[in-house]
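[1] Could you look at this predicted model? Sequence included:
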Amino acid sequence: MGTSSGKDYMNRIDALQNVIWLNGEKIKGNVSEHAAFNGIIQSKAALYDEVQHQPDLLMDHTKQFNFAYEIPRTKDELKKRGKAIRHWATKTAGMLGRSPDYVSSAIMAMAASSTFFGTYQQNMDRIFAEAREKDYTFTHTFINPQVSRKFYWPDGDDETVIAAKVIDETEEGIVIQGARMLATQGGLTDQLLVLPAGSFTDPSYLFGFCIASNTPGLSFVCRPSYAEGTTSFNDPLASRFDEGDAMVMFDHVLVPWDRVFLYGDSDAAAVIKTETGMEAFLLYQSANRQIAKTEWMLGIAQLMAESLVVTEYQHIQEKISEIAMAHEIMKGFVLAAEEEGEVNARGLFVPNGLKLKMAFHYFQKAYPRLTDILTLIGASGLIAIPSEKDFQSTIEPALSLTLRGEKITAENKVKLFRLAWDLTMSAFGSRQTLYEQMFFGDPVRTPVSLYASYDKEVAKEKIASFLNIQLEEE
Ligand SMILES: Cc1cc2nc3c(=O)[nH]c(=O)nc-3n(C[C@H](O)[C@H](O)[C@H](O)COP(=O)(O)OP(=O)(O)OC[C@H]3O[C@@H](n4cnc5c(N)ncnc54)[C@H](O)[C@@H]3O)c2cc1C
């Protein structure tokens, strides 16, 4: 097959009949028809259709695979991948954390570096070949439940298992029991990628594997939906892009040996993300997505300011420029990562990981400020947003008079301000903010790891030379 159509993807997800819990009930029937998931599944389906309809843009058409599974060997191939990522992200306003090119970036990088996996190399090769052939979509999970962060893998006081761990090994595979904290789009993807969570001393917590989302014993417990009961007028983002976030429960899940690519090896677990290029490729996808997202925010801010006729005020110009700067900074990071990328020991052209980590940390901090800017510009306009039904009622003439702008009708203005509200203030919008702050690690510990790895010696030497002092060895 090679590339899926949107319909292929929807049929596959429906056929899987994944175990998904929502509001105390197990979802029955086709998940693509459920009000909580229909919007996001349609949006993903549209992305797959884009690949079908625009092969020149999205992939090397001499090969028959989705760009997400192409292995870049040169800088130009990497840039082509970046362009395709931005294309998909622009279609989805940068709102999809688990757009199908995200986790597949990790699968692609691990497969390109599959010699890293030693005795499990063939498993990784097979997992990749199948994913590429069937154009699978993945979610992933690498965080344990928050019972206590003093110990990273909480167990109950008795023998109860809480965090997912290996409880048995059989001839067929490893048996997993327990939970993982989170998987965005859990239950809505073909496959689940599981990576080691936390520090790496107890071998029963040291595993990496890929399994089908409908593997017996696997279930997904979703948070309440932000999409149910919405309309595209009232909730333009939640209705289309609410991905859902789920806890992942393993109840004696048998993971066949041929789906395991890491087990009990603490050295491999400690470096898997960097040695395979996986981390850089995940961050490359997200930085490109964030470029698309900031462009959307810029457009919304400018249109709101124009509709309120406030563009001449300096602080409005300064605020909008701040969004433009964030957009350009992210573009700069991505360009630098591409230009300073290198072919790794296994022939994969890996973007510069340090530049991308910085992009991630920068955006973690910048994003809440960008949403603030939108709300500060929109002001009461973000509250006076009557619904679609109001515009279809007898009060419509009054609304049309009161809510219009100088050059925009009331209905269009409300549509625009509803978009800004859904991006910043709705349940969907505030989840987006938390997502940007957390999805690759919390904003405290991740910059600390950057401090440790960033070379500060050259800068120190320059100061020492200026002051003509001898530096002590640390
Ligand atoms: C919307 C959303 C979607 C997500 N989707 C996914 C997904 O699809 N797949 C996935 O695997 N993960 C996902 N995550 C999880 C994400 O990776 C984590 O939120 C992130 O790594 C932080 O971990 P945590 O939430 O367990 O926070 P915790 O580690 O529990 O931290 C809680 C607080 O305690 C502080 N803290 C904890 N330990 C320390 C310490 N040792 N030193 C200093 N401070 C500490 C933290 O800074 C934070 O303030 C998602 C998260 C969100 C919010």
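    Structure's in. What do you need?
[2] And the helices in the stretch 51-200 of the chain?
    55-58, 75-91, 103-112, 121-134 (DSSP state H, counting those that start in this stretch).
[3] can you redo those as TSV with mean pLDDT and mean neighbour count?
    Any C-beta I mention is one placed from the backbone N, CA and C, and that applies to glycine too. Below are the helices of the stretch 51-200 of the chain laid out as TSV (pLDDT from 0 to 100; neighbours: other C-beta atoms under 10 Å):
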stretch	mean pLDDT	mean neighbour count
helix 55-58	62	15
helix 75-91	95	19
helix 103-112	98	26
helix 121-134	97	18
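[4] Reformat those helices as a markdown table; add distance to the ligand.
    Formatted as a markdown table, those follow (distance: least, C-beta to the nearest ligand atom, whole Å):
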| stretch | distance to the ligand |
| --- | --- |
| helix 55-58 | 24 |
| helix 75-91 | 17 |
| helix 103-112 | 8 |
| helix 121-134 | 17 |
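[5] Find me the pLDDT at the nearest residue to residue 241 once chain neighbours are set aside, would you?
    Leaving aside its chain neighbours, residue 241 sits nearest to residue 95 (4.0 Å; criterion: C-beta to C-beta, 6 or more residues apart in numbering). For residue 95, the pLDDT comes out at 98.
[6] What of residue 463?
    97.
[7] ok, residue 349 - how many residues close by?
    Here the number of neighbours of residue 349 (other C-beta atoms under 10 Å) works out to 21.
[8] Over to the one 3 residues further on?
    By other C-beta under 10 Å, the residues close to residue 352 number 20.
[9] Would you mind listing what in the stretch 301-450 of the chain touches the ligand?
    431, 434, 435, 438, 439, 441, 442, 444, 445 (C-beta under 6 Å from any ligand atom).
[10] Could you list the domains of the protein?
    Following automatic domain parsing, the chain resolves into domains at 6-271, 273-460.
[11] ranking those domains by mean pLDDT, which is last?
    domain 6-271 (a mean of 93).
[12] hang on, the earlier thing: reformat the helices of the stretch 51-200 of the chain as a markdown table; add distance to residue 461.
    Converted to a markdown table, those look like this (distance: least, C-beta to C-beta, whole Å):
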| stretch | distance to residue 461 |
| --- | --- |
| helix 55-58 | 47 |
| helix 75-91 | 31 |
| helix 103-112 | 35 |
| helix 121-134 | 42 |
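[13] residues touching the nearest residue to residue 125 once chain neighbours are set aside, list them.
    Leaving aside its chain neighbours, residue 125 sits nearest to residue 114 (5.2 Å; criterion: C-beta to C-beta, 6+ apart). Residue 114 makes contact with 121, 124, 125, 128, 346, according to C-beta atoms under 8 Å, 6 or more residues apart in numbering.
[14] repeat that for 10 Å
    120, 121, 122, 123, 124, 125, 126, 127, 128, 261, 276, 346 (C-beta atoms under 10 Å, 6 or more residues apart in numbering).
[15] Residue 379 too?
    By C-beta under 10 Å, 6+ apart, the contact set of residue 379 is 304, 308, 310, 417.
[16] Drop anything exposed from these.
    304, 308, 417 (16 or more other C-beta atoms under 10 Å).
[17] Can you name the residues that contact residue 104?
    Residue 104 touches 66-70, 128, 131-132, 135-138, 191, 193, 281, 285, counting by C-beta under 10 Å, 6+ apart.
[18] closest to residue 467 out of the helices of the stretch 51-200 of the chain?
    helix 75-91 (40.3 Å; C-beta to C-beta).
[19] what's around the residue of the stretch 201-350 of the chain found nearest the ligand, how many residues?
    Going by C-beta to the nearest ligand atom, the ligand is nearest to residue 245 of the stretch 201-350 of the chain, at 5.1 Å. Other residues near residue 245 come to 21 when the count uses other C-beta under 10 Å.
[20] I'd like the numbering to begin with 33 instead of 1 from here.
    In the new count, where the first residue is 33, that last one comes out as residue 277.
[21] Quick check: beta-bridge partners of it?
    As for beta bridges, residue 277 partners with residue 216 under DSSP bridges.
[22] is it true that it touches residue 216?
    Yes - contact status for residue 277 versus residue 216: in contact at 5.1 Å, counting by C-beta atoms under 10 Å.
[23] anything in contact with each of those two?
    129, 130, 171, 463, 467.
[24] Next one: the second one from the ligand, what distance?
    Using C-beta to the nearest ligand atom, to the nearest Å, one obtains 6 Å as the distance from residue 130 to the ligand.
[25] who's in contact with that residue?
    Residue 130 neighbours (C-beta under 10 Å, 6+ apart): 72, 76, 169-172, 215-218, 220-221, 275-277, 471.
[26] Who's the closest spatial neighbour of it, skipping the chain neighbours?
    Residue 130's closest residue in space is residue 217 (C-beta to C-beta, 6+ apart), at 4.2 Å.
[27] Can you pull the phi/psi pair for the closest residue to residue 239 other than its chain neighbours?
    Excluding the flanking residues, the one nearest residue 239 by C-beta to C-beta, 6+ apart is residue 295, at 5.2 Å. Dihedral angles phi and psi of residue 295 (degrees, to the nearest 10) take the values phi -160, psi 120.
[28] burial measure for residue 179, as a count.
    So residue 179, with other C-beta under 10 Å, has 15 neighbours.
[29] wait, what's in contact with the residue sitting nearest the centre point of the chain?
    By C-alpha atoms, centre = their mean, the mean C-alpha position of the chain lies nearest to residue 129, the distance being 2.4 Å. Residues in contact with residue 129 (C-beta under 10 Å, 6+ apart) are 135, 171, 216-217, 273, 275, 277, 317-318, 321, 464, 467-468, 471-472.
[30] Over to stretch 413-426 now: how far is its first residue from its last?
    This stretch, stretch 413-426, spans 22 Å end to end (C-alpha to C-alpha, to the nearest Å).
[31] which stretches of this structure form strands?
    In the chain, the segments counted as strands under DSSP state E are 52-54, 57-58, 170-173, 197-201, 205-216, 223-226, 239-244, 250-254, 277-288, 292-295, 374-375, 381-382.
[32] if I pick residue 439, what's in contact with it?
    Contacts of residue 439 (C-beta under 10 Å, 6+ apart): 338, 339, 341, 445.
[33] would you turn those into CSV with neighbour count?
    CSV is the format used below for the contacts of residue 439 (neighbours: other C-beta atoms under 10 Å):
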residue, neighbour count
338, 15
339, 20
341, 11
445, 21
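[34] Would you quantify the distance from the residue in the stretch 83-232 of the chain positioned nearest to the ligand to residue 257?
    Taking C-beta to the nearest ligand atom as the measure, the stretch 83-232 of the chain has residue 216 as its residue closest to the ligand, at 3.5 Å. Going from residue 216 to residue 257 by C-beta to C-beta, to the nearest Å gives 13 Å.
[35] do residue 249 as well
    25 Å.
[36] So for these two, which residue has more residues nearby?
    For residue 249 versus residue 257, neighbours defined as other C-beta under 10 Å are more numerous around residue 257 (21 against 16).
[37] Now that that one has come up, it's in contact with residue 220, right?
    No - with contact defined as C-beta under 10 Å, residue 257 does not reach residue 220; the gap is 11.7 Å.
[38] tell me which of the buried ones among the contacts of residue 411 is nearest to residue 401?
    Nearest to residue 401 among those, with distances taken as C-beta to C-beta, is residue 336, at 16.5 Å.
[39] Tell me, how many residues neighbour residue 357?
    Count around residue 357 with other C-beta under 10 Å applied: 12.
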